[in-house]
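Colleague: Generate coordinates for the sequence data below:
(one chain, ligands or ions: 2)
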Amino acid sequence: MIAIIGAGKMGEALLAGMLAKGHAPEDVLVTEPREEHAAELRRRHGVGTVGAAEAAKRAETLLLALKPQDMPALLDEISPHMSADRLVISVAAGITTAVLERHLPAGVPVVRAMPNTPALMGQGMTAVSGGAHAGPEHLDRAEELLASVGEVIRVGEQHMDTVTAISGSGPAYFYFIAETMIEAGVAMGMPRATAQKLVGQTVTGAAAMLTGSGEHPVVLREAVTSPGGTTAAALRELERHGVRTAFTDAIEAARDRSSALSGE
Ligand SMILES: NC(=O)C1=CN([C@@H]2O[C@H](COP(=O)(O)OP(=O)(O)OC[C@H]3O[C@@H](n4cnc5c(N)ncnc54)[C@H](OP(=O)(O)O)[C@@H]3O)[C@@H](O)[C@H]2O)C=CC1
Ligand SMILES: O=C(O)[C@@H]1CCC=N1
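Modeller: Ligands and ions are numbered 1, 2, ... in the order given. Predicted structure coming up:
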């Protein structure tokens, strides 16, 4: 039995992705504090909903997807029901395995994971790292579970705040660019639906080139940039406005915010 504690945006994306990949709804419990939300999840996904203590008693694997700020109180609530034969996987930004372990009985294996919302479409990217009591079998279990919603890599925990800034938050950066491109098209008089179609398929095509061609992004960008042409004119403006530096600073800010969320 798997329990997902906190089925908000990320928890529900993981839930939906797992069910779509064949996990049986009867094997998944969900904990959500608001009854209307819990009822909605039962209706939408056919899963059972229970309180956190009950989930902790019944599930071998607990997937914690609450806000980092809510995590300490939840850990204290489930702690009396936890033992070393369980596995706790936390997707909370910033919360270190040391913090998780401090709130749980000695020996409980914990895995810190950072997924992203494309998990909903089976296209997630998750990085995992194990705590002091997580052996290879626990990392294998976490990886197997999260692989049902996309790709999984293992990283040292010292990289987790950077992972959070790059792939955890990353989809939002691309949506921001997509939104900006659509608005530019609309501002130039194009119907919104047309701009949306052009941008959507351009993003899909560019992503396919990036992952499928094995080429570095610089090579792909050069192939688009005809001498004396339109792309060169656009890229010159992006550089003039410091977009490269803005992105680097943005990713550093996300990394620092993740680190601050640990509460340490
Ligand atoms: N969104 C994303 O792209 C990603 C998020 N994450 C991580 O996932 C976690 C959740 O983020 P996100 O889904 O965006 O946030 P949401 O606010 O959408 O989800 C959090 C959910 O947890 C519920 N909750 C609050 N307290 C409890 C409790 N005691 N027991 C059970 N459920 C509770 C909330 O209910 P209510 O609304 O009623 O308070 C809410 O539904 C965060 O730690 C975040 O760092 C990680 C990777 C990507
Ligand atoms: O914005 C956040 O804090 C979470 C973590 C990564 C993506 N969303």
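
Colleague: For whatever residue of the stretch 1-150 of the chain ends up closest to ligand 2, the count of nearby residues, please.
Modeller: Of all residues in the stretch 1-150 of the chain, residue 93 sits closest to ligand 2, at 3.9 Å by C-beta to the nearest ligand atom. Every residue, glycine included, has its C-beta placed from N, CA and C. For residue 93, the tally of surrounding residues (other C-beta atoms under 10 Å) stands at 24.

Colleague: tell me the SS of it?
Modeller: Assigned with DSSP: H, G, I helix; E, B strand; the rest coil, residue 93 falls in the coil class.

Colleague: shouldn't it be in contact with residue 164?
Modeller: Yes: contact criterion C-beta atoms under 8 Å: residue 93 and residue 164 qualify, at 5.0 Å.

Colleague: who touches both of the two?
Modeller: By C-beta atoms under 8 Å, 6 or more residues apart in numbering, residue 93 and residue 164 have these common neighbours: 114, 258.

Colleague: Looking at the spatially closest residue to residue 153 that is not a sequence neighbour now. What's its pLDDT?
Modeller: Sequence neighbours aside, residue 127 is the residue nearest to residue 153 in space, at 5.3 Å (criterion: C-beta to C-beta, 6 or more residues apart in numbering). Listed pLDDT for residue 127 reads 98.

Colleague: repeat for residue 157
Modeller: At residue 157, pLDDT is 97.

Colleague: Chain neighbours aside, what residue packs nearest to it?
Modeller: Of all residues not flanking residue 157 in the chain, residue 129 sits nearest, at 4.2 Å (C-beta to C-beta, 6+ apart).

Colleague: in a strand, that's where the one you found is, yeah?
Modeller: Yes: using three-state DSSP, the assignment for residue 129 is a strand.

Colleague: Nearest residue to residue 125 in space, please, no chain neighbours.
Modeller: residue 167 (4.5 Å).

Colleague: what about the one you found, how many neighbours?
Modeller: By other C-beta under 10 Å, 19 other residues sit near residue 167.

Colleague: quick one: contacts for it?
Modeller: Listed by C-beta under 8 Å, 6+ apart, the contact set of residue 167 reads 114, 116, 125, 127.

Colleague: contacting residues for the second one?
Modeller: By C-beta under 8 Å, 6+ apart, residue 116 lies in contact with 124, 125, 126, 167, 168, 169, 170, 171.

Colleague: what about the helices in the stretch 151-264 of the chain?
Modeller: For the stretch 151-264 of the chain, the helices defined by DSSP state H, counting those that start in this stretch cover 160-163, 170-187, 192-212, 217-224, 230-240, 243-261.

Colleague: and the ones you listed as CSV, adding mean pLDDT?
Modeller: Converted to CSV, these look like this (pLDDT from 0 to 100):
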stretch, mean pLDDT
helix 160-163, 98
helix 170-187, 98
helix 192-212, 97
helix 217-224, 97
helix 230-240, 98
helix 243-261, 97
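
Colleague: Which stretch among those helices is buried most, on average?
Modeller: Burial of the helices of the stretch 151-264 of the chain is given as mean neighbour count (mean count of other C-beta atoms under 10 Å); helix 160-163 ranks first at a mean of 24.

Colleague: Show only the entries of the contacts of residue 116 found in strands.
Modeller: 124, 125, 126 (DSSP state E).

Colleague: and ligand 2, which of these reach it?
Modeller: Subset of the ones in strands among the contacts of residue 116 in contact with ligand 2: empty, counting by C-beta under 6 Å from any ligand atom.

Colleague: what's near enough to touch the closest residue to ligand 1 within the stretch 151-264 of the chain?
Modeller: Residue nearest to ligand 1 within the stretch 151-264 of the chain: residue 168 (4.4 Å; C-beta to the nearest ligand atom). Listed by C-beta under 8 Å, 6+ apart, the contact set of residue 168 reads 93, 114, 115, 116, 254, 258.
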